[in-house]
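Peer 1: Next input, structure requested:
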Amino acid sequence: MNNLMKVEYSIPKPLITQIPKLWHQRLGHPGNQIIKSMGLPGEESNCLTCDKNKIHSLPFNDQFEQVSLPLDCVHIDLFVLVKKRMENLHNRALRKLVSDQGGEFLNNQFKKLSEECGFEHVMSPAKTPQRNGFAERANQTILEKAKCILSHSSLPNSYWAKAVNTAMLLSNITPTPS
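Peer 2: I've put the predicted structure just below:
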């Protein structure tokens, strides 16, 4: 076969059973559905690291406005001035911005910005992060991954910033559940 030597190999059975667990750990402890969507072997198993680091309260059962185009409605938690970049990327203007009642949103400067730029600014009620679920969930996913990375590797909290950066990278390169 094209002067290539054929090599027979087999993977020991104990190692085969460890492969899904290894991918789960390497990718920052994502759900089994995400691992399977990447074409990797996945199996339902209990992960003590996930159990310990992903405990949270249940979200509100709110219905969010259905949107079909980018920037029709943007949910945010921490507003970094990325508006122009998003608009350039999608060639659309921001229509609606949903935020919490953080101090960065409760000022005349931000109100003036929303009026000048022509987008609607809607704030969720105070002390209810569940009302800004999309942004809060994204933040929660990053923080859970970072906690799992530190916990699983037994690294001290001084590595928190590196764990968060790694968690963000892993979130950006892995698919999201549909």
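Peer 1: Have a look at this protein and report the helix or strand with the lowest mean pLDDT.
Peer 2: In the chain, no helix or strand scores lower on mean pLDDT, DSSP states H and E than strand 74-75, which sits at a mean of 66.
Peer 1: Show me what secondary structure element comes after the lengthiest helix in the chain.
Peer 2: When every helix of the chain is counted residue by residue (DSSP state H), the longest turns out to be helix 133-153. Reading on from helix 133-153 to the C-terminus, the next helix or strand found by DSSP states H and E is helix 160-173.
Peer 1: what comes up buried for that following helix?
Peer 2: Neighbour-count burial for helix 160-173 flags 163, 164, 166, 167, 168, 170, 171 (criterion: 16 or more other CB atoms under 10 Å). Glycine gets a C-beta too; all of them are placed from N, C-alpha and C.
Peer 1: could I have the longest helix of the chain exported to CSV, CA atoms only?
Peer 2: Provided in CSV are the C-alpha atoms of helix 133-153 (Å, rounded to 0.1, in the frame of the first residue of the first chain):
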residue,chain,number,x,y,z
GLY,A,133,-30.2,34.9,32.2
PHE,A,134,-28.2,34.8,29.0
ALA,A,135,-25.4,36.9,30.2
GLU,A,136,-25.4,35.4,33.7
ARG,A,137,-25.4,31.9,32.3
ALA,A,138,-22.4,32.7,30.1
ASN,A,139,-20.5,34.1,33.1
GLN,A,140,-21.6,31.1,35.2
THR,A,141,-20.2,28.7,32.6
ILE,A,142,-16.8,30.4,32.5
LEU,A,143,-16.6,30.5,36.3
GLU,A,144,-17.7,26.9,36.7
LYS,A,145,-15.0,25.8,34.2
ALA,A,146,-12.4,27.8,36.0
LYS,A,147,-13.4,26.3,39.4
CYS,A,148,-13.3,22.8,37.9
ILE,A,149,-9.8,23.4,36.3
LEU,A,150,-8.4,24.6,39.6
SER,A,151,-10.1,21.9,41.7
HIS,A,152,-9.2,19.0,39.4
SER,A,153,-5.6,20.1,39.1
